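1. missing the sequence, but the structure's below:
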Ligand code: HEC
């Protein structure tokens with residue numbers, strides 16, 4: 001009798017663990033990133049957030065809104081708290097400073113050029129020194145002083 005009880009408890013516990021893992025998984029794709037890279041990994045984002053806590057001597061709820069009903073964690077995607085918006089501005093400012101004074105050595109995105117235009121006409125190529133417009137697939141967060149490096153993919157023979 002005693003033995004089977006313990007087994008049930010263990011079983012119930014392990015079910016909770018499995019549900020716990022399944023339930024936290026969707027948090028991996030973040031819903032409301034406006035300045036950090038959208039494809040940032042969970043680890044990388046955690047590092048950034050913990051560095052905020054350490055630097056400011058605060059907890060996550062300093063910037064993040066109260067949990068929604070029935071939830072335990074702060075509502076990380078919410079923009080309710082002004083502290084979060086201010087932190088966003090600080091991240092933007094740091095990015096700008098890095099770009100301006102450290103020559104923007106940080107990569108902000110990558111993608112295929114989807115439409116190349118010159119004088120509002122779609123073209124296949126543009127000569128050196130001429131102005132042109134283009135879009136990059138999957139990237140739109142441009143800011144002044146961004147630098148673009150283009151490569152042509154040549155299949156190996
Ligand atoms: C100083 C303010 C600040 C603190 C403290 C902070 N965060 Fe954040 N957090 C932000 C900002 C700003 C963003 C949005 C970044 C963006 O827009 O790219 C964010 C975004 C997030 C997101 C992504 C939410 C989504 O779905 O878009 C998660 C998850 C997160 N924070 C977790 C944490 C955790 C966990 C802690 C504590 C260890 C923490 N944060 C502490 C400012 C903060």
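-> Structure's in. What do you need? These numbers come from a predicted model, not from an experiment.
2. So what are the sheet partners of the longest strand along the chain and their directions?
-> Counting residues, the longest strand found in the chain (DSSP state E) is strand 113-118. According to DSSP bridges, strand 113-118 has the following sheet partners: strand 121-122 (antiparallel), strand 133-136 (antiparallel).
3. Pipe the ones you listed into a markdown table and attach distance to the ligand and mean neighbour count per row.
-> For every residue, glycine as well, the C-beta is placed using N, CA and C. As requested, the strands paired with strand 113-118 are exported to a markdown table (distance: least, C-beta to the nearest ligand atom, whole Å; neighbours: other C-beta atoms under 10 Å):
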| stretch | distance to the ligand | mean neighbour count |
| --- | --- | --- |
| strand 121-122 | 33 | 8 |
| strand 133-136 | 19 | 14 |
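4. neighbours around residue 63, how many?
-> Residue neighbour count, defined by other C-beta atoms under 10 Å, stands at 21 for residue 63.
5. I'd guessed it sits against residue 80; true?
-> No: using C-beta atoms under 8 Å, residue 63 is not in contact with residue 80, being 10.2 Å away.
6. What residues does this structure have near the ligand?
-> Counting by C-beta under 6 Å from any ligand atom, the chain comes close to the ligand at 30-36, 45, 49-50, 52-53, 56, 58, 60, 62-64, 76-77, 83-84, 87-88.
7. hmm, 5 Å instead?
-> Within the chain, the positions lying close to the ligand (C-beta under 5 Å from any ligand atom) are 30-36, 49, 52-53, 60, 62-63, 76-77, 84, 87-88.
8. Now the buried members of these.
-> 49, 52, 63, 76, 84, 87-88 (16 or more other C-beta atoms under 10 Å).
9. from the chain's centre, how far out does the longest strand of the chain sit?
-> The chain centroid and the centroid of strand 113-118 are separated by 26 Å, computed with C-alpha atoms, centre = their mean, to the nearest Å.
10. residues of it that come out buried?
-> Neighbour counts over strand 113-118 (16+ other C-beta under 10 Å) mark residue 116 as buried.
11. Other residues contacting it?
-> By C-beta atoms under 8 Å, 6 or more residues apart in numbering, the surrounding residues in contact with strand 113-118 are 122-126, 130-137, 150.
12. Kindly report the same for stretch 134-142.
-> Taking C-beta under 8 Å, 6+ apart as the rule, stretch 134-142 contacts 108-117.
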